[in-house]
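S.K.: build me a model:
(chains A and B)
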Number of protein chains: 2
Amino acid sequence: MTRSELFAALSARLGARFQTGAAIRDQHGRDESHLPAAPPEAVAWPLDTAEVAAIVAACAAARCPVVAWGAGTSLEGHALAVQGGIVLDMTRMDRVLAVRPEDMDCTVQPGITREALNAALRATGLFFPVDPGANATLGGMAGTRASGTTAVRYGTMRDNVLGLEVVLADGRIVRTGGRARKSSTGYDLTRLMVGSEGTLGIITELTLRLHGQPEAVVAAVCGFPEIGAAVDAVIETMQAGVPMARIEFVDEAAIAAFNAYAGAAMPLRPHLFLEFHGSAAGVAEQAETVGAIMAGHGAGAFRWATATEDRARLWKMRHNAYYAAKALRPGCRVLTTDVCVPISALAQAVRETRADIDASPLPGPMLGHVGDGNFHVTLLIDPDSAAERDEALRLAHRMAERALALGGTVSGEHGVGLGKRKFMAAEHGEGWQVMGAIKAALDPLNILNPGKIVP
Amino acid sequence: MTRSELFAALSARLGARFQTGAAIRDQHGRDESHLPAAPPEAVAWPLDTAEVAAIVAACAAARCPVVAWGAGTSLEGHALAVQGGIVLDMTRMDRVLAVRPEDMDCTVQPGITREALNAALRATGLFFPVDPGANATLGGMAGTRASGTTAVRYGTMRDNVLGLEVVLADGRIVRTGGRARKSSTGYDLTRLMVGSEGTLGIITELTLRLHGQPEAVVAAVCGFPEIGAAVDAVIETMQAGVPMARIEFVDEAAIAAFNAYAGAAMPLRPHLFLEFHGSAAGVAEQAETVGAIMAGHGAGAFRWATATEDRARLWKMRHNAYYAAKALRPGCRVLTTDVCVPISALAQAVRETRADIDASPLPGPMLGHVGDGNFHVTLLIDPDSAAERDEALRLAHRMAERALALGGTVSGEHGVGLGKRKFMAAEHGEGWQVMGAIKAALDPLNILNPGKIVP
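M.R.: Next up is the predicted model:
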């Protein structure tokens, strides 16, 4: 089958849900990364698993690349169609298929966003905790092995996906995992698919682990005299085993961005944003323990947020960090990157990264899910300056190499995409070849998101 | 290379650490399952990763099966050399290579047992929580994706292995995962290896997540008027979000076994064994919540165990369930099997299984890690009676099919081995073929524990 025969067949089958117009292709050819646009040749909007399977099987027959697309919030170019082909826009497969409160799980289609899912769950007393900041789709979050602010307590997508339905490269439909809380029967295909960034299969259904909405939630913010003190306070908190729901580091430059963007008036110093979940007594006990630890590291007074609206305002500010940073330099492009290191190396990694940025002409607020050892920089560059882009990439590169030298990983949660592929050999060594062998076995024609992850 | 040339080469290299005598082979050809012995042709005791790599490479050249062996406590015949070849006894690779209290992790060789590891950790204030009952090796526990009594709180081996060093089928050495608490860089090879039962690689090193020894630990036992009440109490406890450290169901037949074997004098009714971990105040709050839930389901008085020795006695009794059951019928063989179901289906699964066993002539105490929906039966059979063996297998088969019908898995923690391979197609459908494709890609000569897991 030629490419044009394929497109004719898909157009006949899908009607207006198959488009090749430039504007549509362009919309599906750029994400929130700094990477150049790479529009697909066509965009399809499947409505169900059978349609996804039929499209993929047809693409296999035509040797045409297929790239799954969610909310387009990738920060590393995961879904850019660098070898052309078809983007599958999964956003019309956005239903909640089942919620089972008694088992604390649910089954959803991949195109639902995390905010829509949590809105649907509100009355059940349950919630889905993984929160990467962006209102990403669950399919995209599974593909990238997303995590975010609450991973320190509730885990990442790795921990919260119980099972998947996946369309393989030849159009076969497989179910991985299940609804039992654990199983020891065979290879963990669920965990293999989570984080595979659409290179091993197209996720068409997810069964997710839910958590009880905590009886009590309290948030707080406190400032520190300098970065090292804030990070050391986090390390001590984690080592004390306090079950923090969120423990987020925000540096002075990020605070300046928040003040400007959200009209906050926070003192210009490094801060921690904290959240405690538990019973009323449990939260009070956690807050007391953490308060004492923070004070021991020179923290200023805690600003508490107990009411729902106060907490919402606080976390909205934190979640808008990307946009707040962007607004610091009108017209700029953001090059954001993340790494994750063992917590014992966190203070060194954060300090050296801050010094690197300070020695560079680029503005670069830093923040991070530091309870996991994970932190980000958002470098603000002139989109028309190759020199600034190169400088930002140099800083990001040094940050990745530093993470590897400290026993960490070049990405805690943003994923590989295009941006981090160059570090895969350094991070995984021979393991990268093993990934290639798995890819070749499951997608021998290399049609699923080609050009990503594997050698 | 012929098999005899291989053996001569290995004998020259390993000296007394390569044995072909019948007694040694026999010791490495039987486990704790009901399955017939399958001795290997030879046994080798490697001392380090380089030796494992050399042995596996030589076996590849000679097309000779290689089967990793730990403590020999498998319940499903995982390590039986059903296609001959060499058993690699990993028990001399039993060192703790590093403990990093500040990162709450450690790196160990695969032959160390969980009790030896926890003894080595004692002074650090940390512990490794996964506890399958048997004093298995960490390599075996990872291979089987073991869990046990504490998984409800601390997770299974899936959750507690941060990274691995693995020798592949061609002798290459790969490192998977790392020491960062999370990563989104590429396929999750760690989770792929955990639970692969030695069919994808030989584990030569494990980096494990450790947990802080809880400030307060309290255990308790309470009896219930009947099975359903005990299971319903568990379901309500889990749904209330109480972070139980252990919540174990033991039926009346198992209590009778404990009384006889451990000299206990517990009332003959179904019981729950509970353990609470946390701060002193947190444990008190949990115990109060759970006490109220249990009372609502007709529980008798709690028998508390706060002192370390009392708790040790309690859990030793629970851990010796296999031997206690075996002692109920002198000279018998135990056929034990486990399944895991969504918690909403647990009461039905347990009740129907109990009725099945009651309608059979075989004694069969039941127990389970019911907080996960996981439970076991230990069927006691006359080793010389084919009829009893067939009857036990019939019961186990019905239990597995019931678990699948209820949305569960045919094994929560015992693994596939030989015993559960017949259910793989029913549980995984097309996914089983995917497992086969991965196996073929990583072990094209099929030398790593052949005859297990895949089609």
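
S.K.: what's the first helix or strand after the longest helix along chain A?
M.R.: Longest helix in chain A, counting residues (DSSP state H): helix A:386-405. Per DSSP states H and E, the first helix or strand lying C-terminal to helix A:386-405 is helix A:424-428.

S.K.: that following helix: how far from the chain's middle?
M.R.: On the basis of C-alpha atoms, centre = their mean, to the nearest Å, the separation between the geometric centre of helix A:424-428 and that of its chain is 20 Å.

S.K.: could you measure from residue A:315 over to chain B?
M.R.: Taking C-beta to the nearest C-beta, to the nearest Å as the measure, residue A:315 falls 20 Å from chain B. C-beta here means a position set from N, CA and C on the backbone, and glycine is covered the same way.

S.K.: isn't that residue right up against residue A:221?
M.R.: No. Counting by C-beta atoms under 8 Å, residue A:315 stays clear of residue A:221, with 10.6 Å between them.

S.K.: anything in contact with each of these two?
M.R.: Residues touching both residue A:315 and residue A:221 by C-beta atoms under 8 Å, 6 or more residues apart in numbering or on different chains: residue A:273.

S.K.: neighbour-wise, which of those two wins?
M.R.: The neighbour comparison of residue A:315 against residue A:221 (other C-beta atoms under 10 Å in any protein chain shown) goes to residue A:221, with 22 against 19.

S.K.: isn't there a strand covering residue A:232?
M.R.: No. According to DSSP: H, G, I helix; E, B strand; the rest coil, residue A:232 belongs to no strand; its state is helix.

S.K.: could I get the pLDDT score of it?
M.R.: Residue A:232 is assigned a predicted lDDT (pLDDT) of 91.

S.K.: before we move on, what about residue A:258?
M.R.: So residue A:258 comes in at 94 (pLDDT).

S.K.: so it touches residue A:324, yeah?
M.R.: Yes. The pair formed by residue A:258 and residue A:324 meets the contact definition of C-beta under 8 Å, at 5.5 Å.

S.K.: what do the two both touch?
M.R.: Contact criterion C-beta under 8 Å, 6+ apart; residues bridging residue A:258 and residue A:324 by contacting each: residue A:317.

S.K.: need the residues of the stretch 351-455 of chain A near chain B, please.
M.R.: Contacts of the stretch 351-455 of chain A with chain B, taken as C-beta under 8 Å from any C-beta of the partner chain, map to A:372-374, A:403, A:407-416, A:420, A:423-424, A:427-432, A:434-435, A:437-438, A:440-442, A:453-454.

S.K.: show me the domain layout of chain A.
M.R.: When chain A is parsed with automatic domain parsing, its domains come out as A:3-91, A:94-212, A:216-320, A:323-415.

S.K.: looking at these, which is nearest to residue B:449?
M.R.: Closest to residue B:449 of the domains of chain A, according to C-beta to C-beta: domain A:94-212, at 13.0 Å.

S.K.: and chain B, is the closest one touching that?
M.R.: Yes. For domain A:94-212, a contact with chain B is found by C-beta under 8 Å from any C-beta, at A:100-105, A:144-147, A:151, A:156, A:158-159, A:168, A:172-176, A:178-189, A:191-192, A:194-196, A:200, A:211-212.

S.K.: what's opposite residue A:86 in the beta bridge?
M.R.: Here residue A:86 sits in beta bridges with residue A:42, residue A:66, going by DSSP bridges.

S.K.: hmm, back to that, ok, of the residues of the stretch 351-455 of chain A next to chain B, which come out buried?
M.R.: Among these, the ones that count as buried by 16 or more other C-beta atoms under 10 Å in any protein chain shown are A:372-374, A:403, A:407-416, A:420, A:423-424, A:427-428, A:431-432, A:434-435, A:437-438, A:441-442, A:453-454.

S.K.: contacting residues around residue A:418?
M.R.: Residue A:418 neighbours (C-beta under 8 Å, 6+ apart): A:33, A:35, A:76, A:77, A:78, A:80, A:82, A:451, A:452.

S.K.: and it, how far is that from residue A:124?
M.R.: Using C-beta to C-beta, to the nearest Å, residue A:418 is found at 39 Å from residue A:124.

S.K.: report the contact partners of the residue nearest to residue A:409 when sequence neighbours are not counted.
M.R.: Here the nearest residue to residue A:409 in space, its sequence neighbours aside, is residue B:183; by C-beta to C-beta, 6 or more residues apart in numbering or on different chains that works out to 3.7 Å. Residues in contact with residue B:183 (C-beta under 8 Å, 6+ apart) are A:145, A:340, A:409, A:411, A:412, B:177.

S.K.: residue A:352 - nearest residue in space that isn't next to it in sequence?
M.R.: Excluding the flanking residues, the one nearest residue A:352 by C-beta to C-beta, 6+ apart is residue A:402, at 6.1 Å.

S.K.: that neighbour against residue A:354, yeah?
M.R.: No. Assessed by C-beta under 8 Å, residue A:402 is found out of contact with residue A:354, at 11.8 Å.

S.K.: what does stretch A:144-152 contact?
M.R.: A:74, A:78, A:129-133, A:136, A:140, A:155-158, A:194-195, A:197, A:238, A:244-248, A:275, A:315, A:318, A:369, A:371-372, A:374, A:412-415, B:182-184, B:188.

S.K.: again, but for stretch A:4-22
M.R.: By C-beta under 8 Å, 6+ apart, stretch A:4-22 touches A:1, A:25, A:39, A:41-47, A:51, A:54-55, A:58-59, A:61-62, A:64, A:86, A:92.

S.K.: again with stretch A:272-292
M.R.: Contacts for stretch A:272-292 (C-beta under 8 Å, 6+ apart): A:149, A:153, A:214-222, A:224, A:230, A:233-234, A:237, A:240, A:242-250, A:294, A:299, A:302, A:311, A:314-315, A:318, B:279, B:281-282, B:285.

S.K.: residues contacting the residue nearest to residue A:233 when sequence neighbours are not counted?
M.R.: Using C-beta to C-beta, 6+ apart and skipping the chain neighbours, the partner closest in space to residue A:233 is residue A:297 (3.9 Å). Going by C-beta under 8 Å, 6+ apart, residue A:297 touches A:224, A:229, A:230, A:232, A:233, A:236.

S.K.: return the member of the residues you listed nearest to residue A:364.
M.R.: For the contacts of residue A:297, the nearest to residue A:364 is residue A:230 (17.1 Å; C-beta to C-beta).

S.K.: ok, now how distant is that closest one from chain B?
M.R.: Relative to chain B, and taking C-beta to the nearest C-beta, residue A:230 is found at 17 Å.

S.K.: quick one: that residue from residue A:317, how far?
M.R.: The value you get for residue A:230 to residue A:317, if C-beta to C-beta is used, is 17 Å.

S.K.: so which of those two has more stuff around it?
M.R.: The residue with more neighbours, out of residue A:230 and residue A:317, is residue A:230; 26 against 23, by other C-beta under 10 Å.

S.K.: what is the neighbour count of the nearest residue to that one once chain neighbours are set aside?
M.R.: Spatial nearest neighbour of residue A:230, chain neighbours left out: residue A:224 (3.9 Å); criterion: C-beta to C-beta, 6+ apart. Around residue A:224 there are 23 other residues, counting by other C-beta under 10 Å.
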